[in-house]
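*Asks:* Here is a sequence with its predicted model. Questions after.
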Amino acid sequence: MKHTMISAVLGVMLSAVPAFAEMTDIRFTLGWKTQGSDAPFLVALNKGYFEEEGLNVTIDQGEGSAATITRIMGGAYDAGFGDINAIIQNAAARPGEAPVMVFQMWNRPPFAIAVSKESGITKPKDLEGLTLGGAQGTPTTRLFPVFARLNDIDIDTVAYESLAPNLQEPMLIRGDIDGAYTFTVSSWFNLIANRKDPAKDFTWLNYEDYGMDLYSNGMMVSRALLTENPDAVAGLVRAVTKATMEITKDQDVAVEAIVAFDNLVDPELERARLEFALTKLMNHSETAETGIGGLVEARLARSIDLIVEGYGLEATPAASEIFDGSFLPPVAERTLDVALN
């Protein structure tokens, strides 16, 4: 009897081995430290949506949206959350090697110049003769010459002060600089942390409002994963789509997943950051046609031209090299039935 029971147990264990062996390991990098805007990935992890797709996903914190691309291109990660504009830069320099965006999450860019309301600055032309500060290499900083051209700003009159990212909001508050090149979803909450009201105390000159209709962050995958395991890519996209649609209706689920991943975060702060991402970055009117995760190829092509100009790239990648929407579920499954406002 004992022998039979042991055999039965071993049989069950052995029969389970193939199921575990079929799981695909995916190394995933976030764009920065744990934030509310990461909720789609953390919900997919916390609620087992990745596992349902046969994926064993390990998520690590990031070092910046652009660093996501270098991490993936270097082979340390298979997928991640980062900026599509960084993909464009790398695709121009190393065609066929840069990651590919498969789920466009932020259809609106978080690039803006923040100025104090007390300054009286209300439009781009008002920036002439002032000093703007920000970190080198960020899209807002690097793309300012294009912003200036489109808005008839005499760029030679605008001084630039290079700053560490953690200094730009304090220096803006003190008046050490007249304006800051910001990544809104970060700077907005840095100002709150400095006991300022970003809506009442500051004016935001958003690039998208002044001729720079760019895309921004989303989920990208390595060329290797795309080529060697397209089923895994499809599983990633399905899981993230499911989680994204869920959090648009229920932010409590998102906060629970964020805290489960990193219990050092401020839950209410990250809830607010998630709401900012939902209402300021993910609510472009085009998603009524493209669905969450999709984009308009003609618009992407125009944004590629802006990036080529702004970064002085020697080649212009085709939109098909940057984004692959073939893994997305049908639009009907990605259409919001709640208002993001």
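*Replies:* Perfect, I can see it now.
*Asks:* List the buried residues of stretch 47-66.
*Replies:* Residues of stretch 47-66 classed as buried by neighbour count (16 or more other CB atoms under 10 Å): 47, 49, 50, 53, 55, 57, 59, 62, 64, 65, 66. The way it works is simple: take the backbone N, C-alpha and C, and place the C-beta from them, glycine included.
*Asks:* Can you lay out those residues as CSV showing pLDDT?
*Replies:* Listed next are the buried residues of stretch 47-66 as CSV, based on pLDDT from 0 to 100:
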residue, pLDDT
47, 97
49, 98
50, 98
53, 98
55, 98
57, 98
59, 97
62, 91
64, 82
65, 76
66, 77
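*Asks:* Just put the residues you listed in TSV and tack on distance to residue 177 and secondary structure.
*Replies:* Listed next are those as TSV, based on distance: CB to CB, whole Å; DSSP: H, G, I helix; E, B strand; the rest coil:
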residue	distance to residue 177	secondary structure
47	43	coil
49	43	helix
50	43	helix
53	47	coil
55	45	strand
57	41	strand
59	35	strand
62	27	coil
64	21	coil
65	23	helix
66	23	helix
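*Asks:* Stretch 324-331: end-to-end distance?
*Replies:* Length of stretch 324-331, first residue to last, CA to CA, to the nearest Å: 15 Å.
*Asks:* err, stretch 57-70, not the other one
*Replies:* With CA to CA applied, stretch 57-70 spans 19 Å between its terminal residues.
*Asks:* Same check on stretch 34-51?
*Replies:* End-to-end distance of stretch 34-51 (CA to CA): 21 Å.
*Asks:* what ranges do the strands span in the stretch 101-250 of the chain?
*Replies:* Remark: strands assigned in the stretch 101-250 of the chain by DSSP state E, counting those that start in this stretch are 111-116, 131-134, 159-162, 179-183, 202-206, 217-221.
*Asks:* Identify the residues contacting the spatially closest residue to residue 154 that is not a sequence neighbour.
*Replies:* Ranked by CB to CB, 6 or more residues apart in numbering and with sequence neighbours excluded, the top spatial neighbour of residue 154 is residue 128, at 5.4 Å. Residues in contact with residue 128 (CB atoms under 8 Å, 6 or more residues apart in numbering) are 153, 154, 157, 158.
*Asks:* I'd like to know which of these are buried.
*Replies:* Buried, going by 16+ other CB under 10 Å: 153, 158, out of the contacts of residue 128.
*Asks:* Pick the one among the contacts of residue 128 closest to residue 283.
*Replies:* The shortest approach to residue 283 among the contacts of residue 128 belongs to residue 153, at 28.4 Å (CB to CB).
*Asks:* Verify the contact between the closest one and residue 127 for me.
*Replies:* Yes: counting by CB atoms under 8 Å, residue 153 touches residue 127, with 6.0 Å between them.
*Asks:* Give me the neighbour count for residue 286.
*Replies:* Counted with other CB atoms under 10 Å, residues neighbouring residue 286 total 13.
*Asks:* Do I have it right that it meets residue 299?
*Replies:* Yes: the criterion here is CB under 8 Å, and residue 286 meets it with residue 299 at 7.4 Å.
*Asks:* Tell me, how many residues neighbour the residue nearest to residue 122 when sequence neighbours are not counted?
*Replies:* Computed as CB to CB, 6+ apart, the closest residue to residue 122 that is not its neighbour in sequence is residue 203, at 6.4 Å. Residues near residue 203, counting by other CB under 10 Å, number 19.
*Asks:* Residue 203 pairs with what?
*Replies:* Legend: beta-bridge partners of residue 203 under DSSP bridges are residue 115.
*Asks:* tell me the pLDDT at it?
*Replies:* On pLDDT, residue 203 comes in at 98.
*Asks:* show me the contacts for it.
*Replies:* Contacts of residue 203 (CB under 8 Å, 6+ apart): 114, 115, 116, 117, 119, 121, 122.
*Asks:* what bits of the stretch 101-250 of the chain have low per-residue confidence?
*Replies:* Within the stretch 101-250 of the chain, not a single segment meets pLDDT under 70.
*Asks:* which residue ranges form the helices in it?
*Replies:* Remark: helices assigned in the stretch 101-250 of the chain by DSSP state H, counting those that start in this stretch are 139-142, 144-150, 168-174, 184-193, 198-201, 223-228, 230-247.
*Asks:* Look up the residues forming beta bridges with the spatially most central residue of the chain.
*Replies:* Most central in the chain under CA atoms, centre = their mean is residue 217, positioned 2.7 Å from the mean C-alpha point. Here residue 217 sits in beta bridges with residue 83, going by DSSP bridges.
*Asks:* how about it, what does it touch?
*Replies:* Applying CB under 8 Å, 6+ apart, we find residue 217 in contact with 31, 37, 65, 81, 82, 83, 84, 105, 106, 110, 281.
*Asks:* Name the nearest residue to the third one, sequence neighbours excluded.
*Replies:* Distances taken as CB to CB, 6+ apart place residue 83 nearest to residue 65, at 3.9 Å, with adjacent residues excluded.
*Asks:* pretty sure the one you found contacts residue 68?
*Replies:* Yes: contact status for residue 83 versus residue 68: in contact at 7.5 Å, counting by CB under 8 Å.
*Asks:* would you list the helices of the stretch 101-250 of the chain in a markdown table and tack on mean neighbour count and distance to residue 334?
*Replies:* Converted to a markdown table, the helices of the stretch 101-250 of the chain look like this (neighbours: other CB atoms under 10 Å; distance: least, CB to CB, whole Å):
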| stretch | mean neighbour count | distance to residue 334 |
| --- | --- | --- |
| helix 139-142 | 22 | 26 |
| helix 144-150 | 18 | 31 |
| helix 168-174 | 19 | 35 |
| helix 184-193 | 20 | 22 |
| helix 198-201 | 13 | 30 |
| helix 223-228 | 15 | 20 |
| helix 230-247 | 21 | 6 |
